[in-house]
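# Predicted coordinates and the sequence they were generated for:
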Amino acid sequence: MAIYKVSYVIIDKDNPGTILNQNHAPLEGEIVQLGDDIFEIVEVLELVPPRGEFHYIHVTCKAIKNFKR
Amino acid sequence: MDLTQVLQSIDLFEGLAADEIEKVARICSEKQFSKGQIITKEGERGDELFIITEGFVEVLLGEKPTSAALIVVSLGSGQVTGEMALIDQGPRSATLKAISDPTVLQVIQRHHFEQLCQENTHIGYIVMRNLAADLSFKLRHRNLNQR
């Protein structure tokens, strides 16, 4: 099963970003929750080549104000 | 999910055979933290490597009574932290704080880790290679964050 190690960087916000492992590939336009905040993914790129089942991904997000599920 | 399955999902152990992962599992011990609890403090001596298996840990720099600390990154499930003090035997380079309830870590003591690496050089090579790759990934993250 593929595992995605994702580096989340947040634009337009004083946020240091997050690194975490997840079991699905992040997609542009996807809405994600990191901590208490909700973000939209605006860029996805492969940071380094995969090793075994692990994929190394960089994601840029922007904060969504007043998001309601 | 048992501990060996958890460890298989962590890239620090990518490339190890099942029996080697079982050996790693034998030197792990679980610790739980509550939201806001300090795991390690910047400047203190450190002999432990931490693997986050649940929750999030904040990495903080320069915490002083008179000023707020700089948050460097937040680390989630599958991430390794505390590795710098384990490798270079220097003081903790940052403070680690649990920011979720619960935050669950697997902890490996340095002397257990070094003993395992010396007894099984394949484990030692693979884990050291993966630790280097993990440090590189964190540096890339920090570089991208400062674009």
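The structure has been received and is ready for your questions.

# CA atoms for contacts and neighbours, from now on please.
OK.

# Would you mind naming what in chain B lies close to chain A?
Residues of chain B lying close to chain A by Cα under 8 Å from any Cα of the partner chain are B:9, B:11, B:14-15, B:71-79, B:141, B:144-145.

# May I ask which two of the residues you listed are separated the most?
Farthest-apart pair in the residues of chain B next to chain A is B:G15 and B:I71; separation 32.1 Å (Cα to Cα).

# what's the neighbour count on the closest residue to B:D47 other than its chain neighbours?
Using Cα to Cα, 6 or more residues apart in numbering or on different chains and skipping residues adjacent in sequence, the residue nearest B:D47 is B:R110, 5.2 Å away. Using other Cα atoms under 10 Å in any protein chain shown, B:R110 has 19 other residues around it.

# Also the one 10 residues further on?
Look at B:N120: counted by other Cα under 10 Å, it has 13 neighbours.

# What of the one 3 residues further on?
The number of residues packed near B:I123 is 22, by other Cα under 10 Å.

# Need the three-state assignment for it.
Assigned with DSSP: H, G, I helix; E, B strand; the rest coil, B:I123 falls in the helix class.

# Mind pulling up the pLDDT for it?
On pLDDT, B:I123 comes in at 96.

# which residues touch it?
B:L16, B:E20, B:L116, B:C117 (Cα atoms under 8 Å, 6 or more residues apart in numbering or on different chains).

# Now tabulate those residues in a markdown table and tack on pLDDT.
Listed next are these as a markdown table, based on pLDDT from 0 to 100:
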| residue | pLDDT |
| --- | --- |
| B:L16 | 96 |
| B:E20 | 97 |
| B:L116 | 95 |
| B:C117 | 92 |
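
# In a markdown table: these, plus neighbour count and secondary structure.
Shown next, in a markdown table, are those (neighbours: other Cα atoms under 10 Å in any protein chain shown; DSSP: H, G, I helix; E, B strand; the rest coil):
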| residue | neighbour count | secondary structure |
| --- | --- | --- |
| B:L16 | 17 | coil |
| B:E20 | 16 | helix |
| B:L116 | 18 | helix |
| B:C117 | 18 | helix |
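
# What residues does the residue nearest to B:D47 make contact with?
B:D47, B:E48, B:L49, B:L86 are the contacts of B:R110 under Cα under 8 Å, 6+ apart.

# mind listing what's buried in the one helix or strand the last one maps to?
B:L86 is part of helix B:83-88 when elements are defined by DSSP states H and E. Buried residues in helix B:83-88, defined by neighbour count with 16 or more other Cα atoms under 10 Å in any protein chain shown: B:E83, B:M84, B:A85, B:L86.

# Check the gap between the first one and chain A for me.
Just to be clear, that refers to B:E83. 15 Å (Cα to the nearest Cα, to the nearest Å).

# Fine by me, we can end here.
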